[in-house]
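Chemist: next one to model:
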Amino acid sequence: MGLDTVELIIAFEERFGVKIPDKDAAELYTPRRVTDYIMRTAVGSVMSRDEVSLIVREVIKETTSINDFTDDSHFVDDLNLD
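Modeler: Next up, the predicted model:
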């Protein structure tokens, strides 16, 4: 996992108030996977999937300055994050 993706994981942790173990972080390589993970482990009972997805997208935009991506865009392969 490169520096860009580590920074992105840290940003998700800070925004959602969770700690994402390294073994889980390695599997979070698309916005959809991040949303699913957050719903499963952190906020699924207090936030809707749409709310979580919107926040995930905001974090990606704020952290990377990339605005053009889909829920299935791969952080490394499609967004060129290292």
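
Chemist: Ile60 contacts Leu8, doesn't it?
Modeler: Yes: using CB atoms under 8 Å, Ile60 is in contact with Leu8, at 6.8 Å. Backbone N, C-alpha and C define where each C-beta goes, glycine included.

Chemist: residues contacting the most centrally placed residue in the chain?
Modeler: For the chain, the residue nearest the mean C-alpha position is Val34 (4.2 Å; CA atoms, centre = their mean). Taking CB atoms under 8 Å, 6 or more residues apart in numbering, we find Val34 in contact with Phe12, Leu28, Val56.

Chemist: quick one: contacts of stretch 49-66?
Modeler: Residues outside stretch 49-66 that contact it (CB under 8 Å, 6+ apart): 4, 7-8, 11-12, 15-16, 31, 34-35, 38-39, 43, 67, 69, 71, 79, 81.

Chemist: try 10 Å this time
Modeler: Here stretch 49-66 makes contact (CB atoms under 10 Å, 6 or more residues apart in numbering) with 4-5, 7-16, 28, 30-39, 42-44, 46-48, 67-71, 73, 75, 78-81.
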